[in-house]
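> Fold the following.
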Amino acid sequence: MDKDCNDYLSIKEIFERGRRKWGFRTIQMKLKEENIIMNHKKIIRIMKKYGLRAKIRRRNPHKIMMKKTQEHRTCANKLAREFKQLTPYKFFCSDITYLFYEGGLAYLSAIKDIAGKEVVAWELSRRIDLCLVLKTAQYLKDNKNIRSLENILIHTDQGFHYTSPTYINLIKNLGMIQSMSRKGNCLDNAPIESFFGHLKDEVDYKDCKTFEQLRTLISNYMNYYNNGRQQWNLKKMTPVQYTSHLLTQK
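Got it, this is the predicted structure:
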């Protein structure tokens, strides 16, 4: 009879109990709980001898890539919560929010001018991919009120979309300056978070049955928010009116 047989059966019972995922350290601890003292070298030798190989959980390569991207592509918080700006089209903030509606789930990306509170660009998508934020940024070029994007600061969080080399290069090519919130600090991007909060309180988006219906609803709200929604802290003006007011003060 094999001299390792009894020890093998003890190890195998625990190994199977752990759904073939426990390594020698865990097995040694479980054996000790059953008053079986066994040297870890012996456990390793027997597991190797009888082919008891633990299933090793490999790290998700996509998560590794995202982590590296965030570690090496983040930038300083140049905005530093200076939200009381008086010069329109000099400081922008941007983010993405989820919109659950009857027909499914959509993602809204928006860019807001911090001084005038106007939403200067936005995009709605069924997918939360890099294309969503790239399109939103590119739409800035279509805004006729913005004469030049040169040296405009655009502030975001550290989401992987904004730390992507593709997005960083786009912002650089547009001549803009990139700024990011500190990790895990949503208050650093409060203006855009506030806008999303108002939108979700004021729009019955959950009742939309189709994506197209949702897009129309969001488009109408953007127009209303910029041109029809008066705000107390904007001297009771709409964002577009207040922006015009600020520009005349210069």
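> In terms of pLDDT, where does the residue most central in space within the chain sit?
When C-alpha atoms, centre = their mean is applied to the chain, the residue found nearest the centroid is Gly159 (3.8 Å). Gly159 carries a pLDDT value of 88.
> so it makes contact with Tyr107?
No. Using C-beta atoms under 8 Å, Gly159 is not in contact with Tyr107; the gap is 11.6 Å. Where C-beta positions appear, they are placed from N, C-alpha and C, glycine not excepted.
> By mean pLDDT, point me to the weakest helix or strand of this protein.
helix 61-73 (a mean of 54; mean pLDDT, DSSP states H and E).
> returning to that earlier point: who touches both of Gly159 and Tyr107?
Ile96 (C-beta atoms under 8 Å, 6 or more residues apart in numbering).
> Could you check how far the residue nearest to the centre of the chain is from Tyr98?
Relative to Tyr98, Gly159 is positioned 13 Å away (C-beta to C-beta, to the nearest Å).
> so how far is stretch 229-239 off the chain centroid?
30 Å (C-alpha atoms, centre = their mean, to the nearest Å).
> related to what we said a few turns ago, the next helix or strand after the least confident helix or strand of the chain - contacts with which helices or strands?
Proceeding C-terminally, helix 61-73 gives way to strand 91-101 as the next helix or strand, assigned by DSSP states H and E. Strand 91-101 makes packing contacts with strand 104-113, helix 130-138, strand 153-156, helix 190-202, helix 211-227 when contacts are defined by 3 or more C-beta pairs under 8 Å, 6 or more residues apart in numbering; DSSP states H and E.
> pLDDT (mean, whole number) over the second one?
The predicted model gives helix 130-138 an average pLDDT of 96.
> Output it in PDB, but only the C-alpha positions, please.
The C-alpha atoms that make up helix 130-138 are tabulated as PDB, following Å, rounded to 0.1, in the frame of the first residue of the first chain:
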ATOM      1  CA  LEU A 130     -14.800  55.700 -25.600                       C
ATOM      2  CA  CYS A 131     -16.600  56.900 -28.700                       C
ATOM      3  CA  LEU A 132     -19.200  58.500 -26.400                       C
ATOM      4  CA  VAL A 133     -16.800  61.000 -24.800                       C
ATOM      5  CA  LEU A 134     -14.900  61.600 -28.000                       C
ATOM      6  CA  LYS A 135     -18.000  62.600 -29.900                       C
ATOM      7  CA  THR A 136     -19.100  64.900 -27.000                       C
ATOM      8  CA  ALA A 137     -15.700  66.700 -27.100                       C
ATOM      9  CA  GLN A 138     -15.700  66.900 -30.900                       C
END
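> domain ranges for the protein?
What automatic domain parsing lists as the domains of the chain is 5-49, 67-248.
> Compute the first-to-last residue distance for the first one.
One end of domain 5-49 sits 11 Å from the other (C-alpha to C-alpha, to the nearest Å).
> List the contacts of Leu99.
Counted by C-beta under 8 Å, 6+ apart, Leu99 has contacts Leu105, Ala106, Tyr107, Leu108, Leu124, Lys200, Tyr205, Leu214, Ile218.
> redo that, cut-off 7 Å
Contacts for Leu99 (C-beta atoms under 7 Å, 6 or more residues apart in numbering) come out as Ala106, Leu108, Tyr205, Leu214.
> wait, which of the residues you listed is closest to Leu86?
Nearest to Leu86 among these is Leu108, at 27.6 Å by C-beta to C-beta.
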